[in-house]
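S.K.: prediction below, plus the sequence it came from.
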Amino acid sequence: MSQELEKTSRSPLLPDRHPEPDFFICDIFDAAPKSDTASMEYPLFSLSTKPDMAVREYRNGETWIKVSPSNLGLATVHDRDILIYCISQCMARMNNGQKIHKTLRFNAHDLLKTTNRQTSKEGYNGFKAALKRLQGTQIETNVTTGGTEQWETFSFIDSAKTIKETRDGRMQAIEITLSDWVFNALHEKSGDILTISRDYFRLRKPLERRLYELARKHCGKNGKWHFKVATLHKRTGSNSTLKEFRRMLKAIIDANIKHNHIPDYTFELQGDLVIIRPRGNFIEAYAEQPSRLDQIMLKSSTYEIAKQFAGGYDLYTFLEPEWKEMLAIKNSMPENPDGSFIGYVKWYVGKHGSAK
């Protein structure tokens, strides 16, 4: 009886294993977790906690996708934490005007803490196994990402290697090379990258994580979104029968009503429909921050110099907005905005000629 009581009273969330982030990883905790919407949309990751050896194929209109496991099984929803971490670090650098590369090097301990994982030897071994599954799982698809339609076979990551390892087997530095498909999504910030809640990493059940991903992708900041239970069954990639899936779904929704543990969204089961709504504080929490480009204040002397090369174009209503749009597309913040603007004016007039 006491065991049953303990089970029912247990929080649906995993404990916050690292509530006090180490000083040296503060910059990582400040980088809000980001996720690519292409892998949110399709059930690329297995919900199983045991090796999933099934080949999966999905079709949605003209778009199709095939996911094949390695001998270790398909990459799991929890393995995806590694991709989220890598994407978040890349986005933080892009937002700071820094160049990003497919290959990232970081401390494995930082990732484990950021994604609320154990930092024991078991945690490091689990991290290695996740890397193997991410590299071994093969995806064949014609999904569009980064504005480009691709027919391609690839893995989530191209490679991973340990740069330094302690005697007890714990990795200190790790190098991960992202696949082109994941990397392409990083260059389409507005369409393919979304901020997700840190409490995502505390969700115990793989299906809860998948439901959150779909809510974040489809509902976003809209007033509500709905799925048919049968559609949700397919979109989650669940291997359960529809009847069993509905039972698990109802249990999760009931627990969320009681505990409010799934971040950002509420779920309601109405007949064969699942109604998803954003929580009241969601829009404020994930509102887009003002662009750093809007904070650029050029010197009056800069306009005087630029006017000499403007070729009759208006600096304030045309050339400056064009320059900022170019920077936004490149996701770049110049170290010397005044010099950058003058250089742009010279380039623009040189390419397009003087104003007619």
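M.R.: Everything's here; your move. This structure is a prediction, so every number in the text was calculated from the model and none was measured.

S.K.: buried residues of stretch 319-338, list them for me.
M.R.: By neighbour count on 16 or more other CB atoms under 10 Å, the buried set for stretch 319-338 is 319-320, 323-324, 327, 331, 333-334, 337-338. Every C-beta, even on glycine, is put in place using the N, C-alpha and C of the backbone.

S.K.: hmm, I was thinking of stretch 198-213
M.R.: Here stretch 198-213 shows 199-203, 205-213 as buried, counting by 16+ other CB under 10 Å.

S.K.: got the CA coordinates for that stretch in CSV?
M.R.: Output of stretch 198-213 as CSV, limited to C-alpha atoms (Å, rounded to 0.1, in the frame of the first residue of the first chain):
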residue,chain,number,x,y,z
ARG,A,198,14.2,24.2,-19.8
ASP,A,199,11.7,22.0,-18.0
TYR,A,200,11.5,19.9,-21.2
PHE,A,201,14.6,18.1,-19.9
ARG,A,202,12.8,17.2,-16.7
LEU,A,203,9.9,15.4,-18.4
ARG,A,204,10.1,11.7,-17.4
LYS,A,205,8.1,10.1,-20.2
PRO,A,206,9.2,10.1,-23.8
LEU,A,207,5.6,10.5,-24.9
GLU,A,208,5.3,13.7,-22.8
ARG,A,209,8.4,15.1,-24.5
ARG,A,210,6.9,14.3,-27.9
LEU,A,211,3.6,15.9,-27.0
TYR,A,212,5.4,19.0,-25.9
GLU,A,213,7.4,19.1,-29.2
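
S.K.: who touches that stretch?
M.R.: Contacts to stretch 198-213, defined as CB atoms under 8 Å, 6 or more residues apart in numbering, come from residues 12-16, 33, 35, 40, 43, 45-49, 76-78, 81, 84, 114-117, 196-197, 232, 236-238, 248-249, 252, 261-265, 267.

S.K.: remind me, longest helix of the chain?
M.R.: Looking across the chain with DSSP state H, the single longest helix is helix 242-259.

S.K.: mean confidence for that helix?
M.R.: Here helix 242-259 scores 96 as its mean pLDDT.

S.K.: what do you get for stretch 65-77?
M.R.: For stretch 65-77, mean pLDDT rounds to 95.

S.K.: for it, measure first residue to last.
M.R.: With CA to CA, to the nearest Å as the measure, the ends of stretch 65-77 fall 17 Å from one another.

S.K.: buried set for it?
M.R.: 65, 67-70, 72-77.

S.K.: farthest-separated two in those?
M.R.: Ile65 and Leu72 (20.3 Å; CB to CB).

S.K.: related to what we said a few turns ago, want to throw the buried residues of stretch 198-213 into a markdown table with secondary structure?
M.R.: Formatted as a markdown table, these follow (DSSP: H, G, I helix; E, B strand; the rest coil):
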| residue | secondary structure |
| --- | --- |
| Asp199 | helix |
| Tyr200 | helix |
| Phe201 | helix |
| Arg202 | helix |
| Leu203 | strand |
| Lys205 | coil |
| Pro206 | helix |
| Leu207 | helix |
| Glu208 | helix |
| Arg209 | helix |
| Arg210 | helix |
| Leu211 | helix |
| Tyr212 | helix |
| Glu213 | helix |
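
S.K.: helix, strand, or coil at Leu44?
M.R.: coil.

S.K.: what packs against the longest helix of the chain?
M.R.: helix 206-214, helix 229-236, strand 265-270 (3 or more CB pairs under 8 Å, 6 or more residues apart in numbering; DSSP states H and E).

S.K.: would CSV of these with mean pLDDT and distance to Pro278 be doable?
M.R.: Listed next are the helices and strands packed on helix 242-259 as CSV, based on pLDDT from 0 to 100; distance: least, CB to CB, whole Å:
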stretch, mean pLDDT, distance to Pro278
helix 206-214, 94, 12
helix 229-236, 93, 18
strand 265-270, 95, 6
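
S.K.: okay then, goodbye and thanks.
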